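Chemist: Provided below for reference: sequence and predicted model.
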Amino acid sequence: IYIPKATNITNRKFPSTFIWGAATAAYQIEGAWDEDGKGESMWDRFVHSDPTHIDDRSTGDVACDSYHKWQEDIELLKQLNVKLYRFSVAWTRILPTGYLESFNQAGVDYYVNFVKALRAAEIEPMVTLYHWDLPQTLSEQGGWLNDSTADRFGDYARIVFKNLGPYVKLWATINEPKTTCTQGYASGEMAPGLKLVGDGIYQCARVQLLAHATAYHIYHDEFADQGGNVTIVIDATYNEPLTDSAADAEAAEWEFEFNLGWYANPVYLGDWPQIMIDRVGNRSKAEGLSQSRLPPWSKDELEFVKGTFDYFALNMYTAVAVNAIDEPPIGTGNYYLDKGTGTSYKPEWTPSIAGWLYSYPYGMRGLLNRVWSKYNPGSIYVTENGWATTEDLNDQGRLEYLQGYLSNMLDAILEDGVVVDGYTTWSLMDNFEWARGYTQRYGIIDVDFNSPNRTRTFKDSAKWYSQTAATYCLVDTCVD
Ligand SMILES: CCCCCCCCCCCCC/C=C/[C@@H](O)[C@@H](N)CO[C@@H]1O[C@H](CO)[C@@H](O)[C@H](O)[C@H]1O
């Protein structure tokens with residue numbers, strides 16, 4: 001279909017059924033890293049073992065102190081007029097070592113109280129089971145390279161479903177498995193800091209998908225009466241060919257499959273994308289390996305993973321320009337060489353202070369259409385979307401980014417027929433931005449990390465978002 005690349009902000013209203021929300025993750029906001037029986041996660045170990053892992057030598061030990069300030073956070077959500085809050089449960093509060101024997105009732109009580117309070121405030125909880133804080137004990141046993149981690153994830157998911165399930169209808173199993181595999185197990189920039197760009201990166205994807213499917217089946221086999229929906233959160237870029245050439249168009253397609261397709265294809269369609277099977281298989285063979293570095297699924301595994309979704313949870317921030325390149329030399333196995341594409345950003349896109357994040361609002365519409373037509377998921381939630389700045393209450397750049405992306409989302413809904421049921425902006429408040437520490441802020445609400453109270457203050461974008469969530473309108477006045 002032809003979609004004009006409109007940049008104007010629409011003055012039409014969002015459907016009244018659309019759900020406005022905000023998102024966070026446990027390690028990034030909670031703090032209280034060793035309180036009330038919580039175990040050590042691989043992020044606790046990563047930041048404590050070598051402060052140089054983090055740009056500003058900071059940690060998430062206190063972060064936004066949301067573990068203690070959760071009632072205040074719910075008040076903020078109410079002031080924002082949002083009806084959906086996506087947050088994650090810290091695995092190590094429930095099972096401090098990752099094993100059932102370490103069960104910690106205090107962790108369960110904490111989250112049960114929290115979801116009850118959200119419901120009382122008429123805010124729907126969307127619970128992510130895993131947002132990168134793997135129990136350190138499991139990490140030492142191979143973490144996402146060890147098949148048994150999928151079973152440990154199932155043990156943990158069962159406890160959370162059983163206890164929080166009466167109050168939760170929207171579940172996300174694993175957040176952005178690709179980021180974990182590329183940055184945690186390949187570039188080493190994130191926990192656990194491994195550099196296995198040839199094979200570990202692919203095994204990590206396989207084990208996370210098995211873990212997701214394990215939790216999905218546990219929910220539908222044992223807790224179907226709760227009537228909730230479960231999926232995995234996948235991050236993606238909108239891939240625009242660098243030029244009009246057929247070669248760049250094909251490269252953009254490869255880029256799509258080696259990123260989003262890597263995780264979505266097994267879940268929504270079955271098996272790895274064919275281009276990955278072919279390219280990694282051929283390059284592995286040329287390297288003299290007897291088996292592809294992309295681990296083939298068994299027939300049982302394929303059936304186990306295929307169809308494990310009730311909706312599509314999409315994290316979308318940026319666009320990338322993609323170009324064809326000469327076939328990279330065969331040598332040491334490497335995912336980035338297997339991919340066989342070049343990536344950059346177009347000069348007309350607006351850069352943020354995060355090197356990877358550029359504003360190209362049309363990308364939201366383009367990607368939503370692609371996900372909708374390729375995977376036919378029935379319903380999409382955009383579970384993350386946001387903009388990086390330095391500390392600044394007058395964040396006009398963030399406001400314009402959100403306005404532009406949401407305007408294009410509405411075009412996808414109203415013009416193209418894509419079903420987007422809800423949106424949780426990243427993030428409710430400034431927080432610990434992984435390897436960037438507190439140097440990059442994504443919150444619509446400012447957090448003063450120098451104050452013991454972690455004072456929260458609405459930025460301009462939060463004031464605008466609160467009005468938008470109340471009126472379903474991105475500008476001052478909308479037409480129905
Ligand atoms: C001339 C230079 C050319 C370089 C071209 C590189 C192009 C590759 C760019 C791909 C960028 C994708 C990287 C994406 C990362 C994000 O998905 C990831 N950081 C998002 O993580 C989520 O976002 C939040 C903000 O970073 C984070 O706080 C949250 O926890 C994550 O779920």
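Modeler: The structure has been received and is ready for your questions.

Chemist: touching the ligand at all, stretch 406-424?
Modeler: No. Contact of stretch 406-424 with the ligand is not found when judged by Cβ under 6 Å from any ligand atom; the minimum separation is 11.0 Å. (Glycine included, C-beta is placed from N, CA and C.)

Chemist: buried stuff in that stretch?
Modeler: Using 16 or more other Cβ atoms under 10 Å as the burial criterion, the residues of stretch 406-424 that qualify are 406-413, 415, 418, 420-424.

Chemist: For the residue of the chain most remote from its centre, give its distance to residue 332.
Modeler: Largest separation from the mean C-alpha position in the chain: residue 288, at 35.7 Å (Cα atoms, centre = their mean). Distance from residue 288 to residue 332, counting by Cβ to Cβ, to the nearest Å: 12 Å.

Chemist: now residue 234
Modeler: 28 Å.

Chemist: And those two? Which one has more around it.
Modeler: Between residue 234 and residue 332, counted using other Cβ atoms under 10 Å, the more crowded position is residue 234 (27 against 9).

Chemist: Could you find the closest non-adjacent residue to that one?
Modeler: residue 263 (4.9 Å; Cβ to Cβ, 6 or more residues apart in numbering).

Chemist: In this structure that neighbour contacts residue 209, no?
Modeler: Yes. Between residue 263 and residue 209 a contact is recorded at 6.8 Å, counting by Cβ atoms under 8 Å.

Chemist: overlap in contacts of these two?
Modeler: Residues touching both residue 263 and residue 209 by Cβ atoms under 8 Å, 6 or more residues apart in numbering: 177, 232.

Chemist: just the buried residues of stretch 406-424 now: which is nearest the ligand?
Modeler: residue 424 (11.0 Å; Cβ to the nearest ligand atom).

Chemist: Please settle this for me: is that closest one part of a strand?
Modeler: Yes. According to DSSP: H, G, I helix; E, B strand; the rest coil, residue 424 belongs to a strand.

Chemist: Beta-bridge partners for it, please?
Modeler: residue 21 (DSSP bridges).

Chemist: For it, give me its contacts.
Modeler: 21, 22, 23, 84, 85, 86, 126, 381, 382, 383, 384.

Chemist: how many neighbours does the third one have?
Modeler: In this case it means residue 23. Around residue 23 there are 28 residues (other Cβ under 10 Å).

Chemist: And the helices in the stretch 351-480 of the chain, which stretches?
Modeler: 362-375, 396-414, 460-471 (DSSP state H, counting those that start in this stretch).

Chemist: Would you mind giving these as TSV with mean pLDDT added?
Modeler: Shown next, in TSV, are the helices of the stretch 351-480 of the chain (pLDDT from 0 to 100):
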stretch	mean pLDDT
helix 362-375	98
helix 396-414	96
helix 460-471	97
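
Chemist: For the spatially closest residue to residue 449 that is not a sequence neighbour, report the pLDDT, please.
Modeler: Leaving out its chain neighbours, the residue that sits closest to residue 449 by Cβ to Cβ, 6+ apart is residue 438, at 5.4 Å. You'll see residue 438 listed with a pLDDT of 98.

Chemist: State the distance from residue 438 to residue 331.
Modeler: Residue 438 is 39 Å from residue 331, by Cβ to Cβ.

Chemist: Compare these two (neighbour count), which wins?
Modeler: Under the neighbour definition other Cβ under 10 Å, residue 438 and residue 331 were set side by side, and residue 438 has more, 19 against 10.

Chemist: Could you export the one helix or strand residue 75 maps to as CSV, CA atoms only?
Modeler: Remark: residue 75 resides in helix 70-79, with elements defined by DSSP states H and E. Extracted C-alpha coordinates of helix 70-79, given in CSV (Å, rounded to 0.1, in the frame of the first residue of the first chain):
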residue,chain,number,x,y,z
TRP,A,70,5.7,2.9,44.8
GLN,A,71,2.6,4.6,46.3
GLU,A,72,4.0,8.0,45.0
ASP,A,73,4.6,6.4,41.6
ILE,A,74,0.9,5.4,41.5
GLU,A,75,-0.1,8.9,42.3
LEU,A,76,2.1,10.1,39.4
LEU,A,77,0.4,7.7,37.0
LYS,A,78,-3.0,9.0,38.2
GLN,A,79,-1.9,12.6,37.5
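
Chemist: May I see the buried residues of it?
Modeler: Here helix 70-79 shows 70, 72, 73, 74, 76, 77 as buried, counting by 16+ other Cβ under 10 Å.

Chemist: packing partners for the next helix-or-strand element following it?
Modeler: Moving toward the C-terminus from helix 70-79, the next helix or strand (DSSP H and E) is strand 84-88. With contacts taken as 3 or more Cβ pairs under 8 Å, 6 or more residues apart in numbering; DSSP states H and E, strand 84-88 sits against strand 19-23, helix 26-29, strand 124-130, strand 170-175, strand 420-426.

Chemist: Next, the angle from strand 84-88 to helix 70-79.
Modeler: 150 degrees (axes from the mean of the first three to the mean of the last three Cα atoms, to 10 degrees).

Chemist: average pLDDT across the helix holding residue 75?
Modeler: On average, helix 70-79 scores 98.

Chemist: secondary structure class for residue 114?
Modeler: helix.

Chemist: What separation do you get for it and residue 67?
Modeler: 10 Å.

Chemist: Then residue 298?
Modeler: 41 Å.
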